[in-house]
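Participant: pasting the sequence and the predicted coordinates here, then a few questions.
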Number of protein chains: 2
Amino acid sequence: MKDEILAAYHRIAPLVRQTPLEHSAELGAYLKLEHLQHTGSFKFRGASNKIALLTGEQAAAGVVTASNGNHGLGVAAASRARGIAAEVFVSSQVSDFKARRIEEMGARLHCAGDDPLTAEVAARRAAGESGRVFISPYNDLDVVAGQGTIAVELHRQLPQLDAVFAAVGGGGLIGGIGEYLKAVSPSTEIVGCWPENSPVMYRCLQAGSIVEVAERPTLSESTAGGLEPGSVTFDVCRRAIDRGVLVSEDETLRAMRRVLEIEHWVIEGAAGVAVAAFLQEAPRWRGKNVVIVICGRNVSAEVLNKLCGK
Amino acid sequence: MKDEILAAYHRIAPLVRQTPLEHSAELGAYLKLEHLQHTGSFKFRGASNKIALLTGEQAAAGVVTASNGNHGLGVAAASRARGIAAEVFVSSQVSDFKARRIEEMGARLHCAGDDPLTAEVAARRAAGESGRVFISPYNDLDVVAGQGTIAVELHRQLPQLDAVFAAVGGGGLIGGIGEYLKAVSPSTEIVGCWPENSPVMYRCLQAGSIVEVAERPTLSESTAGGLEPGSVTFDVCRRAIDRGVLVSEDETLRAMRRVLEIEHWVIEGAAGVAVAAFLQEAPRWRGKNVVIVICGRNVSAEVLNKLCGK
């Protein structure tokens, strides 16, 4: 996928922010500040690449997606940037805040059902019936290639790269990053990071196939949820991820607080998972060039309260 | 000063981040995200310009400054970028965190006395005795021109600009911004923002001269402190500031919390002051292009606790 990712990088360069890579002496690692991306999350990259690749006819018809969160924001923002219509299906669980943000970006909001799966089924049906493109949050190689553009930046920002820690949900982020780095920097270790409460792709990789994985609530809201049967990211992650680390909710919260206190960044639970995973093994990385992907800052009010100790 | 500011802009462009200008529909204004600047504060701009202007001989001797906060970080980082020695005098009040950060950037830390004035007197003496340049946090037109480079970006990012709200401490930030915009966009209203508890330059401008102003504690840590007699920023601010707004500590805290909740940014008290001042008069700015300068994110542990409601 290296060539597709490099092409995506050039394609979306005028749209996305090239986010800083900053060394944190306190943590002993570099932080890829992707929470400074437009919409507050890396998801804008994948959506931008997918939308840039639409034919004129597809663009004219508009796009459909289903997401209560960062992917919905990413599709809305990327659609606005190209000047095309977007419809975002959400479940009734969507926060007022995210719903308002999506609408502010000019996308049409469609509330369907009480859970993400119902919203997705409705979105795919609406897309099919109207001949519009459905944009999956991860099960689409164009989306994965867009997320992988982070690795193009990383490789330029820090050519000698010993390891990358990133949280894994659907697998688009780490899959894209891993595919690129395996090609240009094969010695870089790609470490997948999961909350113990929701180790979906981790268990699938262990099982050797996409399986149902029991989940409990997690601070890592943006990585939660089952993996779609037949997802292209399963094979991508099988190639891309060298090793997995699981972290507790407590470790995640402590990692989020530490970043808040030393860097004054509010980061998502998913980013906290990656920081916590690194902290488990920080001593053995001393003197090495390790990158932790700070994938977003869009915490819910509930998680923000927990972060603030309430 | 317009030409000096434009020259500074080109001089420091390779070093500073061109920070995003983002519209906040919730607030009804654009936010200049200067808290994403290197070192977490706009102060890096002024320090970078001053240090870039040193002669080879001056650079070889190294520089001296006195600051417990953002200016100390800015000078340390800008010195490292040019590869020159820097000595930062701090008072015993400096936080462990800031002290460690300054040292991490390779600057020499010198603790002198129990208050900022004692540290500054010691720093100026040390500079004089050793023939090194002392870099004032605001009382230096090269520093002011560096801060003014924010306005060059603003004018490009949003050519039709109705008003700019910025907090005022020593006056370097609003002075630089105002001097540039008065030249290129004279209809833009420059609104100085102060905490009621520390309206130093505000009272000086009212009095028509630099006077002693009583201060009480404020969340706006980075703007606190008296104005140096004879400061060049007094005349600059007299020209640059159209109008002042005072805000309470409570308004500042609420503004900081609102930005935390809707944008997931931790911002300094000084930035909270500017947001609070805008919010006092938000209805009358509806439909206008207003910029609020988010000047930094380096809150103390004490202010972070207050922000989190502890």
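Facilitator: Cool, got the structure.

Participant: hmm, A:Val245 is touching A:Gln280, no?
Facilitator: Yes: distance between A:Val245 and A:Gln280: 6.1 Å, which falls inside the contact criterion (C-beta atoms under 8 Å). For every residue, glycine as well, the C-beta is placed using N, CA and C.

Participant: give me the residue from chain A nearest chain B.
Facilitator: A:Cys308 (3.7 Å; C-beta to the nearest C-beta).

Participant: not counting sequence-adjacent ones, nearest residue to that residue?
Facilitator: Computed as C-beta to C-beta, 6 or more residues apart in numbering or on different chains, the closest residue to A:Cys308 that is not its neighbour in sequence is B:Cys308, at 3.7 Å.

Participant: tell me the pLDDT at that neighbour?
Facilitator: Looking at B:Cys308, its pLDDT reads 92.

Participant: same deal with A:Thr118?
Facilitator: A:Thr118 is given a pLDDT of 87.

Participant: now for the residue nearest to A:Cys308: which residues touch it?
Facilitator: A:Leu307, A:Cys308, A:Gly309, A:Lys310 (C-beta atoms under 8 Å, 6 or more residues apart in numbering or on different chains).

Participant: who in chain A is up against chain B?
Facilitator: Contact residues, chain A versus chain B (C-beta under 8 Å from any C-beta of the partner chain): A:17, A:20, A:25, A:35-36, A:40, A:97, A:100, A:104, A:260-262, A:264-266, A:297-299, A:301, A:304, A:307-310.

Participant: please, which helix or strand holds the nearest residue to A:Glu212 once chain neighbours are set aside?
Facilitator: Distance criterion C-beta to C-beta, 6+ apart; nearest residue to A:Glu212, sequence neighbours excluded, is A:Gly226 at 6.6 Å. Assigned by DSSP states H and E, A:Gly226 belongs to neither a helix nor a strand.

Participant: which residues of chain A fall in strands?
Facilitator: Assigned by DSSP state E, the strands in chain A fall at A:21-24, A:29-32, A:63-66, A:86-90, A:108-111, A:133-134, A:163-167, A:189-195, A:243-247, A:290-293.

Participant: among those strands, single out whichever gets nearest to B:Gly148.
Facilitator: Closest of the strands of chain A to B:Gly148 is strand A:21-24, at 25.4 Å (criterion: C-beta to C-beta).

Participant: any idea how far the closest one is from the chain center?
Facilitator: Centre-to-centre, strand A:21-24 and its host chain are 20 Å apart (C-alpha atoms, centre = their mean, to the nearest Å).

Participant: show me where the stretch 51-200 of chain A has helices.
Facilitator: Counting by DSSP state H, counting those that start in this stretch, the stretch 51-200 of chain A has helices at residues A:56-61, A:70-82, A:96-104, A:116-130, A:141-157, A:172-184, A:200-207.

Participant: between the last one and strand A:189-195, how many degrees?
Facilitator: Per axes from the mean of the first three to the mean of the last three C-alpha atoms, to 10 degrees, the angle that helix A:200-207 makes with strand A:189-195 is 120 degrees.

Participant: can you tell me the average pLDDT over helix A:200-207?
Facilitator: On average, helix A:200-207 scores 97.

Participant: show me the contacts for A:Ser41.
Facilitator: Residues near A:Ser41 by C-beta under 8 Å, 6+ apart: A:Glu34, A:His35, A:Asn70, A:Leu73, A:Gly74, A:Ser222, A:Glu268, A:Cys295, A:Gly296, A:Arg297, A:Asn298.

Participant: would you list the residues you listed in TSV and tack on neighbour count and pLDDT?
Facilitator: Converted to TSV, the contacts of A:Ser41 look like this (neighbours: other C-beta atoms under 10 Å in any protein chain shown; pLDDT from 0 to 100):
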residue	neighbour count	pLDDT
A:Glu34	29	98
A:His35	24	98
A:Asn70	28	93
A:Leu73	26	95
A:Gly74	31	97
A:Ser222	29	90
A:Glu268	30	97
A:Cys295	33	98
A:Gly296	29	97
A:Arg297	22	97
A:Asn298	25	94
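
Participant: tell me the domain boundaries of chain A?
Facilitator: Taking automatic domain parsing as the criterion, chain A consists of the domains A:2-41+A:140-307, A:44-134.

Participant: show the buried residues in the residues of chain A next to chain B.
Facilitator: A:20, A:35-36, A:40, A:104, A:260-261, A:264-266, A:297-299, A:304, A:307-308 (16 or more other C-beta atoms under 10 Å in any protein chain shown).

Participant: that older thread, just the closest of the contacts of B:Cys308 to B:Ala276, please.
Facilitator: Distances from B:Ala276 to the contacts of B:Cys308, taken by C-beta to C-beta, are shortest for A:Cys308, at 19.9 Å.

Participant: what's the closest one sitting at in phi/psi?
Facilitator: Dihedral angles of A:Cys308 (phi, psi; degrees, to the nearest 10) stand at phi -80, psi 0.

Participant: I figured A:Val236 hits A:Tyr138, correct?
Facilitator: No: under the criterion of C-beta under 8 Å, A:Val236 makes no contact with A:Tyr138, lying 9.4 Å away.
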